[in-house]
Structure formats: C-alpha cells, structure tokens
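J.: just the structure for this:
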Amino acid sequence: MPRLQEQHLTRVWLIVGLFAIIIVLDFFTPPPYALGFLYTGPILLASSRLNRSATVQATVMATGFTLLNLFIPKAEWMNSSNLMNRLLMALALIVTGWLSDRNLRHEEALARHKAQLQAQEQLASAREDFVSTLTHDLKTPLLGAIETLNSLQQEKYGAVTAAQQKVFSAIARSHENSLELIETLLDVYRNDTEGVRLKLAPVELVAIAEEAIATVSELAAKRRVEINLTFGESNARALWVNGDPLQLQRVFSNLLTNAINNCTRGGKVEILLESDFNYQVVKILDNGRGITPDELPRLFERFYQGHSDRQSMGSGLGLYLTRQLIEAHGGTVWGKNRFSSKEATSRSQRGASFGFRLPVHQRSEQLSSHFDEIS
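T.: Below you'll find the model as predicted:
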C-alpha cells in the first residue's frame, strides 16, 4: 500500500510540474504564438495514470489557464483574433478531456468484461473437471454392483426365487442405464475439451444399421415398436464411408432410441438408406408426435430434452453426442418433421425425421462390388 501511494504522489507531482512548465511557456510567449495546446499532455497523463476525477480537474485547470492568459500578463481579450484563438483552444482542451474520460471508461468496461470472461472460463473448467472426475469415480461402484447382481442371478450365493430374479433384473437394468449415461457424459466432456478421437476405416453402413437394430431390439419390443430397414431410390445395398465403426453404431443407436421413445405403442420406425455421388445418407423416420417449432432450433443442444410427451425422457445428451460424432466424420446431421403443417392432416401423417450424411468413401464402388460378390 505505501508503494502505491508513493507512485500516486509521483504521478500527481509530475502533472503539477508539467502544468507549471506550460504556464510559464504560455504566459511569456507572445499572443500570436499561444502554447495552450500543450495542456493536452497533462490531461492525457491524468486520464491514463490517475482517475476520472483527476482528468476532470486537469481539464478544468487547463481551460482556466488558457482563458486566463487573455488577461494576464496583458489584457488581450479586446483583440478578437486572440480571443477566438483562445476560445477554440479551450474548446479543444475540453474535447480532449471528454474523449480521454470516455476512453478511460471504455477501457475499464473492457477490463471488467475480460475479468468476467476469465472467471466464467475458470468456473466452466472447474465444473467440467468436477463432472469428469465425479462420473469417472461413479463407474467403479456401478460396475461392482452389476457384477454382484449377475452373481446373485447366477445363484452363486444360494438359490434365488423367480420373484427375486425379476427384482435383480430390474436393478441390473437400472444400473446399466446409469452406467451408459455416465459413459455418455464422459464422452461428451472429453469430446468438448480434447476433440473427438476416431479410428477410421472403410465402414459399411448397412451392417452398422443392422447391429444397431439388434442393440435396441429389447427396447423396441418393450415399446411394441416395429423397426424396418429400407433403401431409397438408388437401391444401393452397400453404403461405404470412411468412419469409426464403434462411434457410428452409437450414432445409429442414439437416433433409433430417440425415435422409439417418440413413438406411441404400436408405432413404426424406419431406417432409410440412400446413396448419391458424393454422400451416403441415413434417415431415421418415426410416426410419433413430431417436433414443435420451438424445439427445432435446439434439438442438438447439450442437455436439451424438449417439451415432449414421449414415454421415456432421456438425458439430453444423445443427440448432442450424435452431432459431435457426425461432424467429426465430416458430415452433417439434422432433425425435422416428416410432414409440413399443411400436409399433416391426420394422426397418421405425423412424425419426425432425423438423419445424417457422410462423404462417400473414395473406394466405395470397388468395396461395394466386393461386398456384393461375398453376399
């Protein structure tokens, strides 16, 4: 604190010294050669080194001394040329002080905004580190609980009744769902901070789609939702891309799960595969309630769940992770209603359409021919 006070006093005396030098020069210089413009130096120095009050005081003093020179040491106010010259100089000093003060306030506002941004970044980083650590630590007890439940179901610790088996199965499914959510959350935060890491290889999308259908078959059966795999006008039976098989299967599973959850019991989900010259296109179509206009812009935001009346609410991470993975593959993803409001005249003409497109693999034609030969 004493050091700061000493620096402040040094700056004050520096400004006072500059004022004294300029007063001497200005008051003893013949009128046609007025040097009042030199007062801009102390004004700018007060603005940059002190505070707003000091800037105002320096501006008032500079203006006062400039006008005082019309009367001291000789009365020059009768001379219209000297009077106009001094008035213009005083106006210029006032403008200088005002601009300096405005610039000072602007710099202070920028400094506050920068400090707020840094605080927000630190908070976001701390939050993400906390979530990452917490979710990672939660995996261990969940895995242990699942293993214990499996051992109980296999009657390693004694006989188990049918009713107990049913309870153990329900608890195991709940733990597995929690574990899947934790892994998804970890992947989302890892992708945001480190970027998506892919193990690229030639991948056939039909095979990935069939594997994903098998993965969600239990959920589809529970919801009584029928899943069909169809092909577009291109009638291509092999769609090759350069991608990560594991991550692309997660994309299919996420979109299929979303479609199944949006369907009512007895609904239908269709996987439509199409191919053109540059892209392989995948569409997941359902006949659920569709998407409201306020939901459309936010479908792929993190943690956004919408205002859905669907049977099962998710975490709001599935579609966000899907977007991360597709964009990392150089593709695009979208979500929209299957029918426009004018076309959807009946309940059968409702539903959503989610899809993505990926660049065609360079050797897709040769790979497709090879795939057909093996089939």
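J.: can you show me the helices along this structure?
T.: Here the chain has its helices, by DSSP state H, at 2-27, 40-49, 52-68, 80-153, 162-194, 205-215, 217-223, 245-262, 318-328, 364-374.
J.: tell me what the fourth one is packed against?
T.: Packing contacts for helix 80-153, counted by 3 or more CB pairs under 8 Å, 6 or more residues apart in numbering; DSSP states H and E, involve helix 40-49, helix 52-68, helix 162-194. (Glycine included, C-beta is placed from N, CA and C.)
J.: same check, this time on the shortest one
T.: With contacts defined as 3+ CB pairs under 8 Å, 6+ apart, the packing partners of helix 217-223 are strand 226-231, helix 245-262.
J.: any idea of the mean pLDDT for that helix?
T.: Helix 217-223 comes out with an average pLDDT of 89.
J.: please apply the same query to the second one.
T.: When the per-residue pLDDT values of helix 40-49 are averaged, the result is 77.
J.: ok, G158 - how many residues close by?
T.: For G158, the count of nearby residues is 6 (other CB atoms under 10 Å).
J.: got phi/psi on it?
T.: phi 130, psi 170 (degrees, to the nearest 10).
J.: repeat for G351
T.: Note on G351: its backbone torsions stand at phi 130, psi 170 [degrees, to the nearest 10].
J.: look up how far H113 lies from it.
T.: Separation of G351 from H113 (CB to CB, to the nearest Å): 46 Å.
J.: count of residues packed around the residue lying closest to L93 once chain neighbours are set aside?
T.: Take L93 and drop its neighbours on the chain: the residue closest to it by CB to CB, 6 or more residues apart in numbering is A62, 4.8 Å away. A count of nearby residues for A62, using other CB under 10 Å, gives 29.
J.: ok, back up a step: out of the helices of the chain, nearest to L299?
T.: Ranking these by their distance to L299 (criterion: CB to CB) puts helix 318-328 first, at 5.8 Å.
J.: buried sites along that closest one?
T.: Residues G318, L319, Y320, L321, T322, R323, Q324, L325, I326, A328 are the ones in helix 318-328 that count as buried (16 or more other CB atoms under 10 Å).
J.: what is that helix packed up against?
T.: If you count contacts as 3+ CB pairs under 8 Å, 6+ apart, helix 318-328 packs onto helix 162-194, helix 245-262, strand 332-337, strand 352-359.
J.: no further queries at this time; thank you.
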